[in-house]
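Undergrad: Sharing a model prediction with you, sequence too.
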Number of protein chains: 2
Amino acid sequence: MKAKAIFYHAGCPVCVAAEQHVANALDTSRYDVEIVHLGESKSRLQEAEVAGVKSVPALVLDGSAFHINFGAGIDALR
Amino acid sequence: MKAKAIFYHAGCPVCVAAEQHVANALDTSRYDVEIVHLGESKSRLQEAEVAGVKSVPALVLDGSAFHINFGAGIDALR
């Protein structure tokens, strides 16, 4: 069974670069990669926060949140 | 030909977690992944800075630097 990788972003330029490079570099034979735009999918904000996401872009791998650069604070998306 | 992925770290707990999750999640069929401990390999500091690394842990993918969380400023490693 594949592990879950969720890449949260908000469409900012830093996010797009991180998505194109980091999210697309993941091994899809081992990870189901889901891309979530938190600006458009505000219903996913709570789930992201529970996973430890403080800013976007962020990658949640195996339930652990890893922030990539610092784009926008998650509070700015509410 | 594989693209180059270099994961720079300094042995801090945040770095180790990022290495175990993010660096190991990369697709090694498309990327040659190199792990560099900047605390031990100070000769690589300049190369890391030229690539745009400002803090560790960081991942340089296709020549672009992506900072993962914020562990330690690169200046603290000199």
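TA: That came through, no problem. Residues are numbered from 1 along each chain as shown, chains lettered A, B, ... in the order given.
Undergrad: if I pick A:Arg30, what's in contact with it?
TA: The contact partners of A:Arg30, taken as Cβ atoms under 8 Å, 6 or more residues apart in numbering or on different chains, are A:Lys2, A:Ala3, B:Ala25. C-beta coordinates here come from the backbone N, C-alpha and C atoms, glycine included.
Undergrad: again, 10 Å this time
TA: Taking Cβ atoms under 10 Å, 6 or more residues apart in numbering or on different chains, we find A:Arg30 in contact with A:Met1, A:Lys2, A:Ala3, A:Ala5, B:Asn24, B:Ala25, B:Leu26, B:Asp27.
Undergrad: Any chance of a PyMOL selection covering the buried ones in the residues you listed?
TA: In PyMOL, a selection of the buried entries from the contacts of A:Arg30 looks like this (16 or more other Cβ atoms under 10 Å in any protein chain shown):
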select buried, (chain A and resi 5) or (chain B and resi 25+26+27)
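Undergrad: In the contacts of A:Arg30, find the pair that's most separated.
TA: Across the contacts of A:Arg30, the longest distance by Cβ to Cβ is 19.6 Å; it joins A:Met1 and B:Leu26.
Undergrad: Cross-check the contact I'm expecting between A:Asp27 and B:Leu26.
TA: Yes. Applying Cβ atoms under 10 Å as the test, A:Asp27 and B:Leu26 come out as touching, 6.3 Å apart.
Undergrad: who in chain A is up against chain B?
TA: Proximity of chain A to chain B (Cβ under 10 Å from any Cβ of the partner chain) is limited to residues A:3, A:5, A:14, A:17-18, A:20-22, A:24-31, A:33, A:54, A:57-70.
Undergrad: From the residues you listed, which land in strands?
TA: When DSSP state E is applied, the residues of chain A next to chain B are split such that A:3, A:5, A:31, A:33, A:57-61, A:64-70 fall in strands.
Undergrad: Just the buried ones among these, please.
TA: Neighbour counting over those (16+ other Cβ under 10 Å) leaves A:5, A:31, A:33, A:57-61, A:65-69 as the buried ones.
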